[in-house]
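J.: requesting a structural model of the entry that follows:
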Amino acid sequence: MHPFLILLVGMVVILGAIIVLRLNAFLALIGAAIIVSFLAPGLPGLKIARVAEAFGRTAGSIGIVIALAAIIGTAMTESGAADRIVSGFLNVLGEKRDAVALSATAFILSLPVFFDTVFFLLAPLARSMYGRTNRNYLKYLLAMSASGVATHTLVPPHPGPLAVADTLGIDLGVMILVGIVVALPSAIVGYFFGAWIDRKMPIVMRPRPGEELDVPLTDNLPPLLPSVLPVVMPVLLISMSTIVDALRLWSPSHEDIWSKIRPFTSVIGNPNLALLLSAVAAMLLYHRQRKPTREQMASMVDSSLMGAGVVILIVAAGGAFGAMLQAAQIGPAIQRGFAHIGGGSGIDVLLLAFAVTSVVKVAQGSSTVAMITAAGIIGAMIRGTTLPFHTVYLGTAIAAGSLVGSWMNDAGFWVFSKIGVVTEVETLRSWSPLVAVVGMVSLLTTLLMATVFPLR
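T.: Just a heads-up that it's a prediction; the model follows:
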């Protein structure tokens with residue numbers, strides 16, 4: 001069966017199961033993954049096994065992080081730490097700028113840290129802000145997301161832009177600087193677009209699975225410094241590792257220094273360990289503020305993990321579905337489709353790079369895979385061609401394209417939906433257009449800069 005027909009079958013199964021039949025997202029995704037795997041090439045005896053393997057790989061990469069983040073979020077909420085941070089924001093900026101504070105925080109934190117980790121850490125703040133203001137819950141979630149996805153796809157050392165820079169031979173420092181410049185207006189426009197969506201379809205904050213609706217605390221709040229520690233500590237630890245990795249690429253002449261530091265930072269900067277330490281800090285703060293019994297502490301952890309388990313299952317099933325689309329040879333089919341297009345020059349190449357990446361993203365769900373695939377296709381096409389602008393703009397055009405077409409085969413879709421407690425239909429109507437707008441603004445900024453500041 002042709003790969004694009006397999007893709008169509010997978011889309012119909014998922015959308016029909018969730019929207020029409022109202023099935024649980026896990027059942028819809030894992031069922032679609034199995035169907036796609038049967039239709040894809042491969043030995044019959046391996047078609048179910050590879051679904052389980054892909055599910056396990058995704059769960060292994062995000063399971064511990066999600067579970068620990070759930071504990072952190074619950075402990076910060078119960079201890080009053082989240083409310084203390086929100087109070088600090090509101091005291092400094094005022095209630096009218098509460099979403100701006102979340103957006104700016106997400107932009108800075110997501111420069112060195114993956115989007116999903118930042119979203120896990122900031123989601124309790126969004127819920128506490130809603131508890132204080134009783135408004136704009138969707139705006140808070142989208143403000144965080146606009147900043148997080150912009151930096152995650154445009155700025156190294158995140159794996160997608162890092163791979164694009166390596167494939168196209170772009171200097172890492174130039175990719176970082178230009179990526180930040182392109183990401184900033186994209187995040188700002190995304191913030192205003194998110195505010196517009198919030199006015200069009202306001203959403204009331206819902207309780208997380210197995211929990212009562214959060215009630216903001218007003219008394220016995222912890223001091224600000226211990227309150228922010230569970231959020232800041234993993235960011236600092238993970239940043240140490242990613243910064244050293246970036247410096248090894250940027251300054252290979254000092255490889256002996258980086259090689260001595262790298263074993264230490266790779267351990268403490270591992271997201272699993274960083275979040276474990278953060279979870280311990282959050283639980284200690286909860287114990288200090290609320291003096292829970294052992295049974296109450298265990299109950300808090302158990303309820304957190306019960307909700308996290310559902311999220312892990314759904315996100316891992318989404319990863320398995322995306323992997324089965326890759327097994328169906330979606331990438332090579334797209335590459336063959338664009339093979340007849342010759343290597344042009346100028347703006348047409350940027351538009352083509354954006355289009356190729358968008359098609360790959362819609363087909364298989366992963367922004368990183370889409371960027372890597374498109375970089376290989378476009379890099380081969382422009383080989384021997386002199387562009388009228390710096391190659392970095394080709395890299396940002398590819399990154400911009402990876403944001404268009406996020407739907408149910410994208411892990412970020414499910415992180416937003418399940419951590420934010422937003423329905424699948426609401427996510428399609430809010431998250432999906434938001435990230436597409438961020439991608440389109442990134443493309444427009446790239447086109448403008450390539451014309452006005454070609455850097456050649």
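J.: which residue ranges form the helices in the stretch 301-450 of the chain?
T.: Under the criterion DSSP state H, counting those that start in this stretch, helices of the stretch 301-450 of the chain are mapped to 330-338, 347-364, 367-382, 392-401, 411-419, 424-452.
J.: which one of those helices lies closest to residue 254?
T.: helix 392-401 (23.7 Å; C-beta to C-beta). Quick note: C-beta positions are derived from backbone N, CA and C, even for glycine.
J.: the closest one to helix 347-364, inter-axis angle?
T.: 30 degrees (axes from the mean of the first three to the mean of the last three C-alpha atoms, to 10 degrees).
J.: burial measure for residue 108, as a count.
T.: A count of nearby residues for residue 108, using other C-beta atoms under 10 Å, gives 14.
J.: for residue 225, same thing?
T.: Count around residue 225 with other C-beta under 10 Å applied: 9.
J.: ditto for residue 261
T.: 15.
J.: show me what whichever strand or helix holds it is packed against.
T.: Assigned by DSSP states H and E, residue 261 belongs to helix 255-268. Applying 3 or more C-beta pairs under 8 Å, 6 or more residues apart in numbering; DSSP states H and E, one finds that helix 255-268 contacts helix 224-250.
J.: how far does the helix it packs on sit from the chain's center?
T.: 17 Å (C-alpha atoms, centre = their mean, to the nearest Å).
J.: angle of that helix against helix 255-268?
T.: Using the same axes, to 10 degrees: helix 224-250 against helix 255-268 is 140 degrees.
J.: buried set for helix 224-250?
T.: Using 16 or more other C-beta atoms under 10 Å as the test for burial, helix 224-250 gives 226-231, 233-235, 237-250.
J.: after the helix or strand encompassing residue 83, next one along is what?
T.: Taking DSSP H and E as the criterion, residue 83 maps to helix 81-93. Counting by DSSP H and E, the next helix or strand C-terminal to helix 81-93 is helix 98-109.
J.: CA atoms of that next one as PDB?
T.: Output in PDB follows, covering the C-alpha atoms of helix 98-109 (Å, rounded to 0.1, in the frame of the first residue of the first chain):
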ATOM      1  CA  ASP A  98       0.300  37.600  34.500                       C
ATOM      2  CA  ALA A  99       0.300  35.700  31.200                       C
ATOM      3  CA  VAL A 100       3.200  37.900  30.000                       C
ATOM      4  CA  ALA A 101       5.200  36.700  33.000                       C
ATOM      5  CA  LEU A 102       4.500  33.100  32.200                       C
ATOM      6  CA  SER A 103       5.400  33.600  28.500                       C
ATOM      7  CA  ALA A 104       8.700  35.300  29.400                       C
ATOM      8  CA  THR A 105       9.600  32.700  31.900                       C
ATOM      9  CA  ALA A 106       8.900  29.900  29.500                       C
ATOM     10  CA  PHE A 107      11.000  31.600  26.800                       C
ATOM     11  CA  ILE A 108      14.100  31.900  29.100                       C
ATOM     12  CA  LEU A 109      13.700  28.400  30.600                       C
END
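J.: which other helices and strands contact it?
T.: Here helix 98-109 touches helix 81-93, helix 115-133, helix 137-154, helix 172-200, going by 3+ C-beta pairs under 8 Å, 6+ apart.
J.: what's the angle between it and helix 172-200?
T.: Using the same axes, to 10 degrees: helix 98-109 against helix 172-200 is 160 degrees.
J.: helix or strand with the lowest mean pLDDT in this protein?
T.: One helix or strand of the chain scores below all others by mean pLDDT, DSSP states H and E: helix 330-338, with a mean of 69.
J.: residues near the residue nearest to residue 363 when sequence neighbours are not counted, how many?
T.: Nearest non-adjacent residue to residue 363, counting by C-beta to C-beta, 6 or more residues apart in numbering: residue 330, 4.3 Å away. Neighbour count of residue 330, defined by other C-beta under 10 Å: 27.
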